[in-house]
Structures are given as structure tokens and as C-alpha cells.
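# Generate a structure from the sequence data that follows.
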Amino acid sequence: MKLGWPFPKRKMLIEELRNSTSQDNVRLNFQGKIQRFSLYRVPVDMPKYRLANGRTQAAQEAFVSKNDKDVDFFEKDIESNIVHEVQHNILKELLLVKGKNLEQFFKDREQNEPLILDNNGFVVNGNRRLCVFRELLQQNPSKYEHFKYIEVIILPPCDEKDIDELEAQLQIVEDVKADYDWVSQACMLRSKQKKHKYSYDDLSRIYQMSLKEINKELDILSHVDSYLESRNKPKEYKDIVNYRFAFEKIRESRKKIDDEAKREIFTTLAYSLIDSPDESTGRLYEFIPSIQEYLDSIIEKILQEIPVEDNQDEEEDDDLLDLFDEEEELEEVPIILSNPDNKSDIYEILRDVVESEKVRKREKNSKKATLYKVQKANTMLKEALINYDVKNSITEGINSQLSEIEETVKKLQESVNDD
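Got it, this is the predicted structure:
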């Protein structure tokens, strides 16, 4: 399969076409005005894919990372046959998006609109369609002979921003068939900003997004990269494309946590849920803010219920424990979270704390809040009595807890009687 003619041969054909006459033309909004462009037929082998394709930006970054290629692999030689083979395979993976199969679509249809080429024969619009035409023609040359020649329009000499504006207009802003996923769009914005030095104002104008929206998309992408790198899966964007709202909530929730250590604990907990979503927690993007809201209670429960291994070197009396530095306690939490054996216990704590805190919040807003809590305490004490096994139950600490309960009951009774 030929993936584009050599540059001199392409340019020669383009000049010949420009000097020929064409009765057919296409109206296109380009460089800020409606223009008419002649329609030409060219061999399907002739055009080259546009490597600076916004749709394939995320997949290109993933390929570079996974295959340990130079970061400029897709840029240093845009005529390279090797690079175009990679791009062709990336485009093949994008033929099935959100249930739409572009290859299946063209198996019983002819070309329905022209491809748009730049002045050098690179495809500005229609890269996936070109990929399909080439694939079908190779699979069955006789059946798909009609794809040997394809219709194109050729743009006049222009700069990169003109092409980006056209791509945005045809594939992102207006064309609902584009199926740009959010990661690809964010990667495209980052590439234009970092590699091509576009200002935020340029991005806002070209892609019709507010500066706030652009900042948000790039910030979410930075959280995605942090997550993937922490999992030793840098740039594997296909693994997280369905978790957009989860990362959005991680971004929002982190901003509400002032303490750096607690912010990292929250992030670790949120990441663990993305690793293995637990159906019992419900939708991630709804559950993640609850982790942030009740983080202190979650940390307290983790420290209470999950011991840190090899942390029993010294025994401290109650007075020293009361003076235990919170920062030292927080240092234990990442150790606990990093142990895979604690995963199920941590999930259970997350569920229990979030559920109980939500109940507590509802009860607090009720006039019968105290009654509800006393009823709940009464029920739990009765259950404790039923579950108590003289021979097998651990008794250490029970008496001290019961003494505190007696004191609390006494004070509550006094308060009620005073009323």
C-alpha cells in the first residue's frame, strides 16, 4: 500500500491540476471568507496524511511513549514512509468510534464529499476517510475499484493557523460527526500551545472556547498524566477516556484541600477508585467529592483500623499518645495505602465513612437528631451484647469504653432532665 507520493511528484501533479480547468467547484469558508475551490480527481495513493492532526494527537503521544521514540518522531520528517505507516495504523484504530464504523459505512457507498488537501498534498480534512479508501481497495481491488481515484480540493498556500482554523471549523466546532474525544482535544490544545507556540487567545479564537474552558481542559489533562505516570502507563490515554468526570472532580476537590499531605492522600484514594471502580460506591464523579468532604474522618478511621506493618518497635503510654504529632500520623497513611493487601479494607472504610457521615449530616439537620443518635447507640450496644462471646471475644479496652459511655449517658440524662 502506497501512503503518499514523494513530494516532487505530488507538487508536479498539483501544479498540473491548478493549470487545468474544472467545471465543478466547492464553496468553503477559508481565511475568513467564503471561497470557491475547484474539484479534482487524484489517485488514492497520491496524498499524504497530515501528521499534525488534532484527532490523532493523543494516540501519537501514546505511541511515542510506549515505543520509546523521540518526542519529535511525528515532526522531524513529515515525508517519512515509516512515520506514515504508523499514522495509518493509528487512523485505522480510530475508524470505530462511539459505535460508528467508518469502514463499514463505505463498504456499500462511494465517496460522499471531497478530501481537502493543502498546497503540498497533505490531507487537511478527511484523513480517516482516506485510510478507509486505501484499506478497502487493498482488501478487494475489483469490488472497490471506485476508490482508486478520489475527489479532492486543494487549498492555496497558507500558514499553519489557517489550516488549524479550517480543521476546527470542519471537525470540532461544526461537524458533529467528528467524534473528537475529550482527551484528543486536550492533547491537541496542549500541542498547539507548547510545540507550536499558540497563545491562549489564539486557541480561544480558533477553537471557539473561552480562556476558562481551555485552562480547565489543560489542567484536567495534567491530572490524567499524573495518574497514568503513577501507574507506569504514561500516555495510555485509551485507558481513561471514560473517566473524564472523575478527573474533573479530582481537580475540583484538590483545590479545596489546603494541607499538602492530605491533598496527596485524597489523590491516592481517588486514583485507587479509578484503578478498580467499586459498584457499591456508585458513580465515581459523585463519590470522589465525598472523599474530599469527609477526608479527616476517613484518615482517622484508616489509622484506627489498619495497622502499619513493622511499626510496633516502641510502646508509648497514654500521655505520649495524646501528644502524638498529627504530621507523623499522616506519614503512616501513604504506607497503609501503598499496601495492596489493604485494598478491600480501604474500600470498606470509604463506603462506611461516607455513608455514616451523610446520615450524620441528615440527622444533624433534624429536630430529632439527638433521639436518632441515642436510638442508634442503643441498637449498637444491644448488638454488641448479642455478639459478645465469653471465650473468644477480645476484652481489652471494652471496660474503658463502657466507662466513657456511662459518663456520657449520665451527662445526657442531666441535660434532658434540666429541660
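# So what does Tyr40 look like in phi/psi?
Backbone torsions of Tyr40, given as degrees, to the nearest 10, read phi -130, psi 160.
# ok, the nearest residue to it once chain neighbours are set aside - contacts?
Distances taken as C-beta to C-beta, 6 or more residues apart in numbering put Leu17 closest to Tyr40, at 4.8 Å, once the chain neighbours are dropped. Heads up, the C-betas are built off the backbone N, CA and C, glycines and all. By C-beta atoms under 8 Å, 6 or more residues apart in numbering, the contact list for Leu17 reads 38, 40, 42, 154.
# count of neighbours near Phe30?
20 (other C-beta atoms under 10 Å).
# which SSE is the residue nearest to it when sequence neighbours are not counted in?
Distances taken as C-beta to C-beta, 6+ apart place Leu166 nearest to Phe30, at 5.9 Å, with adjacent residues excluded. Applying DSSP states H and E as the criterion places Leu166 in helix 160-167.
# Any buried residues in the next helix or strand after that helix, and which?
Going down the chain from helix 160-167, the next helix or strand is helix 182-194, by DSSP H and E. With burial defined by 16 or more other C-beta atoms under 10 Å, the residues of helix 182-194 counted as buried are 182-193.
# coming back round to it: which pair of the contacts of Leu17 spans the longest distance?
Using C-beta to C-beta, the two most remote members of the contacts of Leu17 are Ser38 and Val42, lying 12.1 Å apart.
# Which one of these two is surrounded by more residues?
Val42 (20 against 16).
# residues in contact with the more buried one?
Val42 touches 13, 17, 149-150, 152, counting by C-beta under 8 Å, 6+ apart.
# is it true that Gln111 touches Glu151?
Yes: counting by C-beta atoms under 8 Å, Glu151 is a contact partner of Gln111 at 5.9 Å.
# could you measure Lys33 against Tyr294, distance?
Note on Lys33: its distance to Tyr294, by C-beta to C-beta, to the nearest Å, is 57 Å.
# Those two: which has the busier surroundings?
Per other C-beta under 10 Å, whichever of Lys33 and Tyr294 has more neighbours is Tyr294, with 21 against 7.
# Not counting its neighbours along the chain, what's nearest the more buried one?
Of all residues not flanking Tyr294 in the chain, Glu357 sits nearest, at 4.5 Å (C-beta to C-beta, 6+ apart).
# about what we covered before: please name the residues that touch the residue nearest to Phe30.
Leu166 sits next to 28, 30, 116, 124-125, 155 when contact means C-beta under 8 Å, 6+ apart.
# could I get those residues as CSV with pLDDT and distance to Trp5?
Below are these laid out as CSV (pLDDT from 0 to 100; distance: C-beta to C-beta, whole Å):
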residue, pLDDT, distance to Trp5
Leu28, 89, 24
Phe30, 89, 24
Ile116, 95, 17
Val124, 93, 17
Asn125, 92, 19
Leu155, 94, 18
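# In helices only, show me those.
Residues from the contacts of Leu166 lying in helices, with DSSP state H as the criterion: none.
# pull the CA atoms of the helix or strand hosting Ser400 into PDB?
Element membership for Ser400 (DSSP H and E) is helix 398-418. As requested, the backbone C-alpha atoms of helix 398-418 are provided in PDB (Å, rounded to 0.1, in the frame of the first residue of the first chain):
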ATOM      1  CA  ILE A 398     -14.100  -2.800  76.500                       C
ATOM      2  CA  ASN A 399     -14.300  -1.600  80.100                       C
ATOM      3  CA  SER A 400     -12.700   1.700  79.400                       C
ATOM      4  CA  GLN A 401     -15.200   2.300  76.500                       C
ATOM      5  CA  LEU A 402     -18.100   1.300  78.700                       C
ATOM      6  CA  SER A 403     -16.900   3.800  81.400                       C
ATOM      7  CA  GLU A 404     -16.900   6.600  78.900                       C
ATOM      8  CA  ILE A 405     -20.400   5.500  77.700                       C
ATOM      9  CA  GLU A 406     -21.700   5.600  81.300                       C
ATOM     10  CA  GLU A 407     -20.300   9.100  81.800                       C
ATOM     11  CA  THR A 408     -21.800  10.300  78.500                       C
ATOM     12  CA  VAL A 409     -25.200   8.800  79.400                       C
ATOM     13  CA  LYS A 410     -25.100  10.400  82.800                       C
ATOM     14  CA  LYS A 411     -24.400  13.900  81.300                       C
ATOM     15  CA  LEU A 412     -27.000  13.500  78.600                       C
ATOM     16  CA  GLN A 413     -29.600  12.400  81.200                       C
ATOM     17  CA  GLU A 414     -28.800  15.500  83.300                       C
ATOM     18  CA  SER A 415     -29.200  17.800  80.300                       C
ATOM     19  CA  VAL A 416     -32.600  16.200  79.400                       C
ATOM     20  CA  ASN A 417     -33.900  16.400  83.000                       C
ATOM     21  CA  ASP A 418     -32.800  20.000  83.300                       C
END
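# Quick check, pLDDT for Gly397.
Per-residue confidence (pLDDT) for Gly397: 80.
# again but with Leu137, I slipped
Looking at Leu137, its pLDDT reads 95.
# Likewise for Glu305?
So Glu305 comes in at 88 (pLDDT).
# For the stretch 251-400 of the chain, give me the ranges with low pLDDT.
278-282, 309-328, 363-368, 390-391 (pLDDT under 70).
# Which stretches in this protein count as strands?
Using DSSP state E, the strands of the chain run over 25-30, 33-38, 40-43, 48-49, 96-97, 100-101, 115-117, 122-125, 149-154.
# who does the fourth one touch, helix- and strand-wise?
In terms of contact count using 3 or more C-beta pairs under 8 Å, 6 or more residues apart in numbering; DSSP states H and E, strand 48-49 is assigned the packing partners helix 81-93, strand 122-125, helix 127-139.
# Neighbouring strands - and their directions - for it?
If you go by DSSP bridges, strand 48-49 pairs up with strand 122-125 (parallel).
# just the third one next, same as before
Using DSSP bridges, the strands paired with strand 40-43 in its sheet are strand 149-154 (antiparallel).
# now the partner strand, how far from the chain's geometric center?
Relative to its chain's centre, strand 149-154 lies at 36 Å (C-alpha atoms, centre = their mean, to the nearest Å).
# Please list the residues outside it that contact it.
So strand 149-154 is contacted by 14, 17-18, 26, 28, 37-44, 47, 111, 113-119, 130, 133 (C-beta under 8 Å, 6+ apart).
# per-residue pLDDT, the residue nearest to Tyr40?
At Leu17, pLDDT is 93.
# ok, it to Trp5 distance?
Per C-beta to C-beta, Leu17 is found 13 Å from Trp5.
# Can you tell me the closest non-neighbouring residue to Tyr69?
I think there's a mix-up here, since residue 69 is Lys and not Tyr. Phe63 (7.1 Å).
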